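Colleague: would you be able to build a 3D model of this:
(chains A and B)
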Number of protein chains: 2
Amino acid sequence: MAPLKVGFVGTGIFASDFHLPALQAIPEHFTPYSATNRTKSKAEKFAEKAKIDGSKVYDTIEELVKDDQVDFIDALVPVQHNYQVIKTAVDAGKPIIIEKPLAASLEDAKKIVELDKSTKVPILIAEQWVYFKAIELIKERLTKIGDVVSFTHKAIQQWNPNSPFLQTKWRQNPEHIGGFLSDGGVHQIALLTEVLGNIESVSANTRQLRDISGDDDILFSSVKLASGAIGTYTYSTVFANNKPESSLIIYGTNGSIYLDYTDKDHITIDTYVGETTSTNPQHIEFKEDLFSEGIQYEFENLYEAITSNDKSILKATPAKSFHHYAFFVAAIESSKDGGGAVKVAQL
Amino acid sequence: MAPLKVGFVGTGIFASDFHLPALQAIPEHFTPYSATNRTKSKAEKFAEKAKIDGSKVYDTIEELVKDDQVDFIDALVPVQHNYQVIKTAVDAGKPIIIEKPLAASLEDAKKIVELDKSTKVPILIAEQWVYFKAIELIKERLTKIGDVVSFTHKAIQQWNPNSPFLQTKWRQNPEHIGGFLSDGGVHQIALLTEVLGNIESVSANTRQLRDISGDDDILFSSVKLASGAIGTYTYSTVFANNKPESSLIIYGTNGSIYLDYTDKDHITIDTYVGETTSTNPQHIEFKEDLFSEGIQYEFENLYEAITSNDKSILKATPAKSFHHYAFFVAAIESSKDGGGAVKVAQL
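Modeller: Okay, here's the model as predicted:
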């Protein structure tokens, strides 16, 4: 089978520095074929890097989707445009992969889910964390620790004033609810809910610490899951000098599981089984770089869905992404309300 | 000066196994002198161990406080009796040290604070954590990390089915709000508030995991301080096999401080100063066993207050203890209310 021809919509840093290399790494499956960007010169520059023929740089997405040769759309646009871009692709019968968070508002997010249900055209959300190896490894071990009672999920990443993402105008002036919080934090919520199921309600306090964030950028919350389990979720990428920690700890009636993914080269899962202390947890360690490998998992997942004509195998669906985003909508509402418990919108 | 003569009211395991040895370790300051217990045979057995003359084992606290020789009361009774016991001691002009949590209800707790304000008789709460060396060490370092923005305080201690405290009837059938949660958890709140100031509100989820606890025994919460800082507080001593963690982490605008007191023989404080990551925090390590040393600090504090006739030097006041307890009253109310934000009662 010939490689799928990719049409890029939005050619910013994440397209050129992450998506393009990931696609180019699997030339037997993908060929960069076409591109469009609001600022055409940027699309042209991208096309050069991607070895896309100049004639395939289009002025608009509408022109791009009309090109019969385009097999699917790789869209990386400010999320407030997600719904319109998805609709344009789907109307033209083009499968699409699009960035998280799902939308700028819960209403738009819902419209995307409904559109997804109404069509056989694959719509994949670029939420690479649902492919995180840790998920299956933890799920295999969950039965050993009895019923899940509680959890803590903490993600304190190191403040990086030189991050290219900080310079992105749409992140500095976010139109989507949650700003940097939902842009970054949906990943941990994806991991949490893949392992422990949906979230029922959240009581959150949020704050804005850095002007450049454009909106609240730290979140401390108390969370209740649909399963009845309770826990906390803590998120920040903006604290001053600290010891980064990315961990998901799960407490069950017969033990506990510790995932530490602070260091992508030494991700560990420690499983403590039984009633009382053992000094010898079952320990496993592995490497996984979700920033690079995760993107390849996404494209492979999409490739399978397109070539088998079966969108049911997509792992990062709009419905899941809706839930991840709805968590932040509820958390922001909670914080504005002084930290009260807010139900997370369910589909 | 002659050693102070101690009258014990309540002679259970904490009196005989912890208070008595702590007092006996400083014979130049303290002499066990008298005792009373609801079950007199227990007071007699205690008297034997404490080398208290049999004639000084009284039937009631009222008799005990009438003994002119008693210099102060060391009361260890189910906390629902705290107010009455304190009042009996104060009315007789006897200084008293009494166990936490302060009372069985917020109303009683308030009455104790008011009584304390109305008298020159020293009333010390046996909250040994306010003497924790870590408090001063952290406070000295706080200015280096700028304004405090956030914190996490996590106390997951190992489930110990053989703990003698689990067998205490008044703990299994608690009459005080919060049960095991407030009985144990006030310590961490004492540490937190000594360092970061009072708590304004809490959004909590609590659960009962063990029948023997008699009431809720795990707590996950989102907390707002009077200073505006936000954080989480997590507490359990009842989880199945796990990796215990006792830590207070403070995030400031110019760095962060990590207190890890999981292991009393290796308590560490790591201070990270500045805007971006340094791999070399300032590191200090020390030992402190609050269970034994802490009790001595309390008695020394009380000794100073009695002999100098100055109760203002007492560190664990009823007013502070009221706040620690009020936190749990608010947390339990929050959990019953589905996790909404509840203001912590202020004096």
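Colleague: now do the contacts for the residue of the stretch 51-200 of chain A found nearest chain B.
Modeller: For the stretch 51-200 of chain A and chain B, the shortest gap (CB to the nearest CB) falls at A:Gln158, measuring 5.1 Å. (Each C-beta comes from the backbone N, C-alpha and C, glycine too.) A:Gln158 makes contacts with A:Thr237, A:Asn242, A:Pro244, B:Thr276, B:Thr277, as judged by CB atoms under 8 Å, 6 or more residues apart in numbering or on different chains.
Colleague: from A:Ser246, how far out is it?
Modeller: Here the distance between A:Gln158 and A:Ser246 works out to 11 Å (CB to CB, to the nearest Å).
Colleague: would you mind measuring from the residue nearest to A:Glu245 when sequence neighbours are not counted to B:Ile177?
Modeller: When the adjacent residues along the chain are set aside, A:Glu245 lies closest to A:Ile156, with 5.0 Å between them (CB to CB, 6 or more residues apart in numbering or on different chains). Shown here: A:Ile156 relative to B:Ile177, a distance of 33 Å by CB to CB.
Colleague: show me which residues of stretch A:169-178 are buried.
Modeller: Using 16 or more other CB atoms under 10 Å in any protein chain shown as the test for burial, stretch A:169-178 gives A:Trp170, A:Arg171, A:Gln172, A:Pro174, A:His176, A:Ile177, A:Gly178.
Colleague: and if you look at stretch A:338-347?
Modeller: Applying a neighbour-count criterion of 16+ other CB under 10 Å, one finds A:Gly339, A:Gly340, A:Ala341, A:Val342, A:Val344 buried in stretch A:338-347.
Colleague: ok, now which ones touch the fourth one?
Modeller: In this case it means A:Val342. Taking CB under 8 Å, 6+ apart, we find A:Val342 in contact with A:Ser201, A:Val202, A:Ser203, A:Ala204, A:Ala330, A:Ala331, A:Glu333, A:Ser334.
Colleague: which among those residues end up buried?
Modeller: Neighbour counting by 16+ other CB under 10 Å classes A:Ser201, A:Val202, A:Ser203, A:Ala204, A:Ala330, A:Ala331, A:Ser334 among the contacts of A:Val342 as buried.
Colleague: need the residues of the stretch 51-200 of chain A near chain B, please.
Modeller: Residues of the stretch 51-200 of chain A lying close to chain B (CB under 8 Å from any CB of the partner chain) are A:Ile145, A:Gly146, A:Val149, A:Ser150, A:Thr152, A:Lys154, A:Ile156, A:Gln158, A:Trp159, A:Asn160, A:Pro161.
Colleague: 7 Å instead, please
Modeller: Proximity of the stretch 51-200 of chain A to chain B (CB under 7 Å from any CB of the partner chain) is limited to residues A:Gly146, A:Val149, A:Ser150, A:Thr152, A:Gln158, A:Trp159, A:Pro161.
Colleague: PyMOL command for the buried members of the residues you listed?
Modeller: Selecting only the buried entries of these in PyMOL, with 16+ other CB under 10 Å as the criterion:
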select buried, chain A and resi 146+149+150+152+158+159
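Colleague: immediately after the least confident helix or strand in chain A by mean pLDDT, which helix or strand?
Modeller: Within chain A, no helix or strand scores below helix A:169-172, which has a mean of 79 by mean pLDDT, DSSP states H and E. Sequence order places helix A:179-196 as the next helix or strand after helix A:169-172, per DSSP states H and E.
Colleague: state the mean pLDDT of the helix or strand following that next one.
Modeller: Using DSSP H and E, the helix or strand that follows helix A:179-196 in sequence is strand A:199-207. Averaged over strand A:199-207, pLDDT sits at 97.
Colleague: strand A:199-207: partners in the sheet, and parallel or antiparallel?
Modeller: strand A:218-225 (antiparallel), strand A:341-343 (antiparallel) (DSSP bridges).
Colleague: hey, what's whichever residue of chain A sits closest to chain B bridged with?
Modeller: Residue of chain A nearest chain B, by CB to the nearest CB: A:Ser203 (3.2 Å). A:Ser203 has these beta-bridge partners by DSSP bridges: A:Ser222, A:Ala341.
Colleague: let me know whether it touches B:Ser222 as I believe.
Modeller: Yes: using CB atoms under 7 Å, A:Ser203 is in contact with B:Ser222, at 5.1 Å.
Colleague: tell me the domain ranges of chain A?
Modeller: Domain ranges of chain A: A:4-128, A:130-291+A:325-343, per automatic domain parsing.
Colleague: mind checking pLDDT for the closest residue to A:Ser105 other than its chain neighbours?
Modeller: Using CB to CB, 6+ apart and skipping the chain neighbours, the partner closest in space to A:Ser105 is A:Ile177 (6.4 Å). Listed pLDDT for A:Ile177 reads 90.
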